[in-house]
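*Asks:* After the sequence you'll find the predicted model.
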Amino acid sequence: MVYDEAHFIQMLKDNDTEVFRDAFLSLHSYDQAQFYEKVGPDIRKLMYAILSPKEMADLYEGLEVDDDEYESYLKEMNTTYGAEMLSHMYTDDAVDVLNELDNHQRESYLEMMDEEVAGEISELLGYAEDTAGSIMTTEYVAIPENSTVRSAMTILRKEAPNAETIYYVFVVDDVHRLTGVVSLRDLIIAEEETLIRDIMNERVVMVHVDDDQEAVAQIMKDYNFLATPVIDNKGKLLGIITVDDIIDVIDEEASEDYSKLAGISDMDKFDMNPLQSATKRLPWLVVLLFLGMLTANLMGQFEATLEKVALLAIFIPLIAGTSGNSGTQALAVAIRGIATGDLEKENKFKLLIREMFTGMIMGVVCGLIIIGIVYFWKGELLLGMLVGAAICCSIIVATLAGSFIPLLMHRLKIDPAVASGPFITTLNDITSILIYLGLATVFLSQIG
């Protein structure tokens, strides 16, 4: 929806409270959040005076900001106002905000909240970061398995206003162990006196509270779930994870993997100062610098060869660049397969064989092309054959390396994204130069 940002700001400055409330609250929560993010602290403070903590909590559900920005927003509010707002938020969203505060600030807000709400939030705060427990919510609807559809609908009507989703209703036994799930559709079409255990689905796909959030995201993607239940070691239902939280997880994991592929140790944000950005990027850059020195040292070992045929040096960037590109292509395919779970279903050896033949085809084609170019450019058929053979071999090796290294890291339980593009490219530089100048040394007498 398109709205007039300047007009809303003017209403706040003119203290047109009722007009602003009517217009602003008619906006979609996403548009409300966008307005809140764009305006400055002075305008936001006027909003706190006009909007109730409950209305501000609804706005916060639509916020799409970096986690560390929540702290600065809370500092703008009266502490009591902020605590009441957090109380009205879904527990998983409130936990996301409170996780960005230090222990003292967190405890201060929890002490001001309703005891029951504070207890639920504190429990979620205790789970390890990036686990199912850290992203689940306790606002769900659970019904006893021995109840009737009539009583289940009564429970549902009572709990629905505070539940994050009602499309799935989870069924529990007398000790709150998860025993089944029933959809809202099944409840609506069933006879009122039907027992829940007779219509529930007992084949429930669930996750453990300590499961990694990325594994949970994969499960929900595979099964097309809107929500999935979270259980403890005893099978007791602790909470649910909804699809909106999983979208955030997928976005977060994709951003993290992209950073690693680019050789950055952590997310490099737009609002970082130059020193912070440099600190994030330097570790891999220093590692690659030393690997680059290895490449330089390797070329020094073939100094005699290069002195005899200086023309060889012209093609070093070409061979290194081509092998690096092919390695990065194979790396992207392998990491995508691991991230989507496709490689779990496919034989790893079969993938390596396929990539080897793919590399051979690309190597032969590129090799033949470069032979023709060198022959017509320099009139040196033997030199062209040498460069072509080097490119062919380098592409095959680079393609295999690009596939094998992330598979090996995945096998060793290391994040395969660490096998970043710059890392693979540097390794391929070393191997391609070794292949090229090694072949040149062998055939030096013929091309001299």
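*Replies:* Nice, I can see it. Numbers count the residues shown, from 1 in each chain.
*Asks:* Tell me which stretches of the protein form strands.
*Replies:* 142-144, 168-172, 178-183, 207-208, 227-231, 237-242 (DSSP state E).
*Asks:* looking at those, which is closest to Cys393?
*Replies:* Nearest of those to Cys393, taken as CB to CB: strand 207-208 at 46.6 Å. For glycine as for every other residue, the C-beta is placed from the backbone atoms N, C-alpha and C.
*Asks:* residues of stretch 6-16 that come out buried?
*Replies:* 8-9, 11-12 (16 or more other CB atoms under 10 Å).
*Asks:* Just give the closest residue to the residue positioned nearest the centre of the chain, not the sequence neighbours.
*Replies:* Against the mean C-alpha coordinate of the chain, by CA atoms, centre = their mean, the closest residue is Glu253 at 1.5 Å. Leaving out its chain neighbours, the residue that sits closest to Glu253 by CB to CB, 6 or more residues apart in numbering is Glu214, at 5.4 Å.
*Asks:* Same check on Gly384?
*Replies:* Per CB to CB, 6+ apart, closest to Gly384 is Val374, 3.3 Å.
*Asks:* Show the low-confidence segments of the stretch 51-200 of the chain, by residue range.
*Replies:* Counting by pLDDT under 70, the stretch 51-200 of the chain shows low-confidence ranges at 67.
*Asks:* Quick one: residues contacting Leu110.
*Replies:* Counting by CB atoms under 8 Å, 6 or more residues apart in numbering, Leu110 makes contact with 98, 118, 121-122.
*Asks:* Please report the distance of the nearest residue in space to Lys54 that is not next to it in sequence from Ala160.
*Replies:* For Lys54, ignoring the flanking residues on the chain, the nearest one in space by CB to CB, 6+ apart is His88 at 4.6 Å. Using CB to CB, to the nearest Å, His88 is found at 16 Å from Ala160.
*Asks:* Give me the more crowded residue out of these two.
*Replies:* Higher neighbour count among His88 and Ala160: His88, with 18 against 13, using other CB atoms under 10 Å.
*Asks:* Assess the claim that that one and Ala57 are in contact.
*Replies:* Yes - look at His88 against Ala57 with CB atoms under 8 Å: they come within range, at 3.7 Å.
*Asks:* residue contacts, Leu352?
*Replies:* 400, 403-404, 407.
*Asks:* Same question for Ala83.
*Replies:* Taking CB under 8 Å, 6+ apart, one finds 109, 112-113 in contact with Ala83.
*Asks:* Not counting its neighbours along the chain, what's nearest it?
*Replies:* Nearest one to Ala83, counting by CB to CB, 6+ apart, is Met112 at 3.6 Å.
*Asks:* Likewise for Val387?
*Replies:* Phe315 (4.9 Å).
*Asks:* in the stretch 1-150 of the chain, which spans are helices?
*Replies:* 5-13, 17-25, 29-38, 41-50, 53-60, 69-76, 79-88, 91-98, 103-112, 115-125, 132-135, 149-159 (DSSP state H, counting those that start in this stretch).
*Asks:* Alright, I will stop here.
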